[in-house]
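Trainee: Coordinates only, no sequence provided:
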């Protein structure tokens with residue numbers, strides 16, 4: 001029986017950690033410890049974590065703020081498990097999660113792995129719409145966490161596991177933000193470790209509670225993709241330009257309407273067709289007209305947020321301002 005160390009960095013989110021820790025008390029596989037790393041928060045979660053002492057083998061550490069990547073490294077350094085798993089603090093873990101990991105590792109012998117994220121039935125409509133946008137085949141979110149995808153699978157740190165050997169040979173994250181998990185995944189692969197997707201090991205990922213927060217998060221993700229390019233130029237692929245192209249298209253429509261209406265009349269229907277496809281696909285999945293409408297807003301927010309961030313960092317990289 002493998003022992004798992006679950007490492008959870010937290011920054012000013014005491015309410016979220018309660019829901020996550022409660023979900024861990026329901027795991028059917030019980031040979032694990034939980035390491036909560038408080039990353040210099042002003043609003044600490046120590047009191048919330050203490051509530052679970054006796055219900056979980058849980059350990060709380062407070063450190064200065066260094067960002068999520070280096071906080072995960074700190075947690076790894078305290079871990080005693082055979083495999084070290086990381087979750088974001090806004091995740092809820094299904095009760096069969098660790099058993100699914102254990103079963104898959106016994107069969108596939110992965111050195112590192114990741115799993116998908118889904119929307120929980122109790123999420124708000126906005127959170128469910130955001131989850132749709134981040135996982136739909138109609139957006140760039142649909143290329144990750146699936147068996148059929150573009151390029152190699154890169155585990156992401158909201159749901160990722162590594163063996164102790166991977167930790168010892170890589171020493172974890174070398175950047176703490178801006179695509180730190182993708183950089184780490186690529187480096188693991190380059191060292192020859194076996195990396196795989198465990199599709200049954202999914203988590204419920206809340207992400208952001210409002211579209212404004214979601215926009216800021218995706219803006220950061222867009223910048224992070226260019227930051228990954230600085231480390232691995234081959235990892236900037238055509239699909240990563242899709243949100244930027246969509247953003248330029250959206251922003252150009254008002255200008256075309258003012259100065260070139262024939263061109264506007266030619267190109268604007270593509271937006272309607274795309275958003276109609278989003279509506280139909282979301283409705284087919286959720287059976288909810290409200291969620292289908294909100295999914296349109298979530299997709300536009302996702303693509304423009306990522307696109308603006310991507311273009312902003314691209315300009316800084318190539319024009320140096």
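Mentor: Perfect, I can see it now. The structure presented is a predicted model; accordingly, all values stated were derived computationally and were not measured.
Trainee: Is residue 172 in contact with residue 184, as I believe?
Mentor: Yes - if you go by Cβ atoms under 8 Å, residue 172 and residue 184 touch, sitting 7.0 Å apart. The C-beta positions use only the backbone N, C-alpha and C, and glycine is treated the same way.
Trainee: between those two, what contacts are shared?
Mentor: Taking Cβ atoms under 8 Å, 6 or more residues apart in numbering as the contact rule, residue 172 and residue 184 both touch residue 69.
Trainee: Relative to residue 153, how far out is residue 102?
Mentor: Distance check for residue 102 against residue 153: by Cβ to Cβ, to the nearest Å, it reads 20 Å.
Trainee: So residue 172 and residue 184 - more neighbours on which side?
Mentor: Set residue 172 next to residue 184 and count neighbours by other Cβ atoms under 10 Å: residue 184 wins out with 27 against 21.
Trainee: Residues contacting the helix or strand encompassing residue 48, please?
Mentor: Taking DSSP states H and E as the criterion, residue 48 maps to helix 46-50. Helix 46-50 is contacted from outside by 14-15, 17-18, 21, 36, 38, 58, 60, 62, using Cβ under 8 Å, 6+ apart.
Trainee: pLDDT averaged over the following helix or strand past it - what is it?
Mentor: Note on helix 46-50: by DSSP H and E, the next helix or strand toward the C-terminus is strand 58-63. Strand 58-63 carries an average pLDDT of 98.
Trainee: who does strand 58-63 touch, helix- and strand-wise?
Mentor: Strand 58-63 sits against strand 32-39, helix 46-50, helix 68-78, with contacts defined as 3 or more Cβ pairs under 8 Å, 6 or more residues apart in numbering; DSSP states H and E.
Trainee: Run me through the strand neighbours of it, direction for each.
Mentor: Applying DSSP bridges to the sheet, strand 58-63 is found paired with strand 32-39 (parallel).
Trainee: tell me the angle of the partner strand relative to helix 68-78?
Mentor: 140 degrees (axes from the mean of the first three to the mean of the last three Cα atoms, to 10 degrees).
Trainee: Would you mark the buried spots in strand 32-39?
Mentor: Neighbour-count burial for strand 32-39, counted by 16 or more other Cβ atoms under 10 Å, picks out 32-39.
Trainee: Turn the contacts of helix 46-50 into JSON lines, including distance to residue 214.
Mentor: Output for those, formatted as JSON lines (distance: Cβ to Cβ, whole Å):
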{"residue": "14", "distance to residue 214": "22"}
{"residue": "15", "distance to residue 214": "19"}
{"residue": "17", "distance to residue 214": "21"}
{"residue": "18", "distance to residue 214": "23"}
{"residue": "21", "distance to residue 214": "25"}
{"residue": "36", "distance to residue 214": "25"}
{"residue": "38", "distance to residue 214": "25"}
{"residue": "58", "distance to residue 214": "30"}
{"residue": "60", "distance to residue 214": "29"}
{"residue": "62", "distance to residue 214": "29"}
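Trainee: for the residues you listed, which one is nearest residue 302?
Mentor: Distance to residue 302 across the contacts of helix 46-50 (Cβ to Cβ) is lowest for residue 15, with 24.6 Å.
Trainee: what helix or strand is the closest one on?
Mentor: Per DSSP H and E, the secondary structure element for residue 15 is helix 14-24.
Trainee: quick one on the thing from earlier: now list the buried members of the contacts of helix 46-50.
Mentor: Applying 16+ other Cβ under 10 Å to those, the neighbour count classes 14, 17, 21, 36, 38, 58, 60 as buried.
Trainee: Which residue is the nearest non-sequential neighbour of residue 28?
Mentor: Setting aside the residues directly before and after it, residue 28 is nearest to residue 99 in space (Cβ to Cβ, 6 or more residues apart in numbering), at 5.1 Å.
Trainee: hang on, isn't the one you found packed against residue 31?
Mentor: No - taking contacts as Cβ under 8 Å, residue 99 lies outside contact range of residue 31: 10.6 Å.
Trainee: Can you pull the poorly scored residue ranges out of this protein?
Mentor: Within the chain, the ranges that satisfy pLDDT under 70 run 142-151, 320-321.
Trainee: Domain parsing of it, as residue ranges.
Mentor: Per automatic domain parsing, the structural domains of the chain span 4-115+155-209, 220-319.
Trainee: what's the helix or strand for the residue nearest to residue 302 when sequence neighbours are not counted?
Mentor: Nearest residue to residue 302, sequence neighbours excluded (Cβ to Cβ, 6+ apart): residue 133, at 4.4 Å. Using DSSP H and E, the element containing residue 133 is helix 125-135.
Trainee: how about that helix: buried residues?
Mentor: The neighbour-count check on helix 125-135 (16+ other Cβ under 10 Å) flags 126-135 as buried.
Trainee: Taking those residues together, which two end up most distant?
Mentor: Farthest pair in those (Cβ to Cβ) is 126 and 135. Separation: 15.1 Å.
Trainee: The nearest residue to residue 257 once chain neighbours are set aside: neighbour count?
Mentor: Nearest non-adjacent residue to residue 257, counting by Cβ to Cβ, 6+ apart: residue 264, 4.7 Å away. When neighbours are counted by other Cβ under 10 Å, residue 264 registers 16.
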